[in-house]
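Participant: Attaching a predicted model along with its sequence, questions to come.
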Amino acid sequence: MTAVYCVIFAISLIIPVGYFLIAKKRRDIWLFLLDIGICVVNLGYLILSASKTVELALFANKLAYFGQVVVIMSMFLIIARLCGIKRTKALYAILISIGAVIYSLVLTTGHLDWYYKSVSIEFVDGATRLVKEYGHLHPLYLVYVLGYFVAMLTVIFYSLAKNRVGSHKLAGLMLSVVLCNIGMWIVEKLVPLNFEFLSVSYLMSELILFIIHWMLQDYVHVDQVPTPNEERQRVIIVSSADRADRVEQIISRLPEGTSLSPRQLDILEGILDGKTRKEIAFDLHLSENTVKMHTSALYKAIGVSHRDEIYAMLGSDKSD
């Protein structure tokens, strides 16, 4: 059993390295802390499985708890960011403070009977297992964990309702992370097991969140769309009918046999409305790189190199 924990711990060390090598553009501090937290959790499980004394087993248990507090807080903040939810310094301070209070209860183990009334160890299948009798304050940790799970689900469903995530598939992946951990956590609480399956669940969650972060790192959320004070932009106010006429004018000037794709038409309409690339990306739930790619194809089809040339084709006045 200890050998299995060794393998899991080794994998948890490798994943952060892969994250730094692949996610070069936008590294998320909370994703990094999630990686570190999972390493600490699995290190705690590894030390516990090899412990020969109650003192060492308690140390390992406290180490694993510290990692879990970091993991669940980081997981929530990562999902909140991926869903486009604004996070403030006050929120960070509150979450860190709550986590510190909860972990301080764990640290009373061995000194007070608040969290654990009593602890002992037993050896099962070649590994050490901590036998615990819970104290009257232990339910606070359960409330802490359940509160985070509820918060994660709320953020995901709220973002789906507000179209803040890139696609329903990505939202489904985030839901799978939360539901998988909820299910595993409940099973471990209700069914006596000789193996900490949360160690595997955390690794799977880490990989999925890493993939989602990598896929969404270029997507634009509403709080990232620049205001006129942040980025100078052309302002052209047109009615939908006027825009349709302008689109028709552009299409009529295309070379024979050339046509625009539906996505290119969407980009063209955004340009005619004077929107920036970020604003178009947000409206269409695309990444800026994708909008840039479609814009380049649009310019090539029309035979221009900049949006100013499109406005010139229509005889528009310039305004900044």
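Facilitator: Yep, it's here. Numbering: from 1, shown residues only.
Participant: and residue 193, that one's in a strand?
Facilitator: No: per DSSP: H, G, I helix; E, B strand; the rest coil, residue 193 lies outside any strand segment and is coil.
Participant: what's the burial count for the closest residue in space to residue 295 that isn't next to it in sequence?
Facilitator: Distance criterion C-beta to C-beta, 6 or more residues apart in numbering; nearest residue to residue 295, sequence neighbours excluded, is residue 267 at 5.5 Å. To be clear about C-beta, it is placed using only N, CA and C from the backbone, and glycine gets the same treatment. When counting by other C-beta atoms under 10 Å, one arrives at 28 neighbours for residue 267.
Participant: Kindly report the same for residue 68.
Facilitator: Applying other C-beta under 10 Å, we find 25 residues neighbouring residue 68.
Participant: which secondary structure element contains it?
Facilitator: If you go by DSSP states H and E, residue 68 is part of helix 54-82.
Participant: How about residue 181?
Facilitator: With DSSP H and E as the test, residue 181 turns up in helix 168-190.
Participant: May I have the host helix or strand of residue 248 as PDB, with CA atoms only?
Facilitator: Secondary structure from DSSP H and E places residue 248 in helix 240-252. Taking C-alpha atoms only, helix 240-252 is exported to PDB below (Å, rounded to 0.1, in the frame of the first residue of the first chain):
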ATOM      1  CA  SER A 240     -29.400  46.700 -37.500                       C
ATOM      2  CA  ALA A 241     -30.900  47.700 -40.900                       C
ATOM      3  CA  ASP A 242     -28.000  50.000 -41.700                       C
ATOM      4  CA  ARG A 243     -25.600  47.300 -40.700                       C
ATOM      5  CA  ALA A 244     -27.300  44.800 -43.000                       C
ATOM      6  CA  ASP A 245     -27.000  47.300 -45.900                       C
ATOM      7  CA  ARG A 246     -23.300  47.800 -45.100                       C
ATOM      8  CA  VAL A 247     -22.700  44.100 -45.000                       C
ATOM      9  CA  GLU A 248     -24.400  43.700 -48.400                       C
ATOM     10  CA  GLN A 249     -22.200  46.500 -49.800                       C
ATOM     11  CA  ILE A 250     -19.100  44.600 -48.700                       C
ATOM     12  CA  ILE A 251     -20.400  41.300 -50.000                       C
ATOM     13  CA  SER A 252     -21.200  42.900 -53.400                       C
END
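Participant: Report the buried residues of that helix.
Facilitator: Buried residues in helix 240-252, counted by 16 or more other C-beta atoms under 10 Å: 243, 246-247, 250.
Participant: What are the contacting residues of it?
Facilitator: 238, 259-260, 265, 268-269, 272-273, 302, 310, 313-314 (C-beta atoms under 8 Å, 6 or more residues apart in numbering).
Participant: could you redo the last one with a cut-off of 6 Å?
Facilitator: With contacts defined as C-beta atoms under 6 Å, 6 or more residues apart in numbering, helix 240-252 is touched by 272, 314.
Participant: After that helix, which helix or strand is next? Please name it.
Facilitator: Following helix 240-252 in sequence order, the next helix or strand is helix 262-272 (DSSP H and E).
Participant: For residue 2, give its distance to residue 211.
Facilitator: Residue 2 sits at a distance of 30 Å from residue 211 (criterion: C-beta to C-beta, to the nearest Å).
Participant: who has more neighbours, the two?
Facilitator: residue 2 (16 against 13).
Participant: Could you double-check that the more buried one lies in contact with residue 49?
Facilitator: Yes: here residue 2 reaches residue 49: they are 4.5 Å apart, a contact under C-beta atoms under 6 Å.
Participant: Need the overlap of contacts for these two.
Facilitator: residue 127.
Participant: which of the residues in stretch 292-312 are buried?
Facilitator: 292, 294-295, 298-299, 301-302, 304, 307, 310-311.
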